[in-house]
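J.: Fold the following for me, if possible:
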Amino acid sequence: MDNYTHSLDPVFHALADPTRRAVVQRLVRGPAAIGELAAPFDMALPSFLKHISVLETAGLLTSAKAGRVRTCQLNPDRLAAAERWFDEQRAIWESRYANLDNLLMTLQGATDET
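T.: You can find the predicted model right below:
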């Protein structure tokens, strides 16, 4: 396994959880305070902060504290890296399907000639 895919492991781990995906979806619209991010979820703040920690560890968001307010911001570069990985996988499978189509056409042509 190369370093590129290994570096995506924390990103996919973080995105495997629906709460964390919802936080990322909210941060796409812009930075938000922890309280705003936590409001839609029925969980204690310490539990929610664990989700924030996983997202930060994965590099999907950064946070900064100003006074008593901690604000989170999305790091779109990490999402772009995951998107590139999906694009690479899509290209591989499209090539495989094209090769299979060509093989099937060749086999069908060979069958039609007999």
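J.: C-alpha from now on. contacts and neighbour counts both.
T.: Will do.
J.: helix/strand/coil for Lys65?
T.: Secondary structure for Lys65, judged by DSSP: H, G, I helix; E, B strand; the rest coil, is strand.
J.: That one pairs with what?
T.: Bridge pairing for Lys65 (DSSP bridges) gives the partners Arg70.
J.: Look up how far Leu79 lies from it.
T.: 23 Å (Cα to Cα, to the nearest Å).
J.: One more: Ala32?
T.: Applying Cα to Cα, the value for Ala32 to Leu79 is 18 Å.
J.: Gln25 now?
T.: Counting by Cα to Cα - Gln25 and Leu79 are separated by 11 Å.
J.: One more: Val23?
T.: On the measure of Cα to Cα, Val23 and Leu79 end up 13 Å apart.
J.: Neighbour count for the two, which is higher?
T.: Val23 (22 against 19; other Cα atoms under 10 Å).
J.: what's the helix or strand bottoming out on mean pLDDT in the chain packed up against?
T.: Lowest by mean pLDDT, DSSP states H and E among the helices and strands of the chain is helix 76-113, with a mean of 80. When contacts are defined as 3 or more Cα pairs under 8 Å, 6 or more residues apart in numbering; DSSP states H and E, helix 76-113 sits against helix 3-15.
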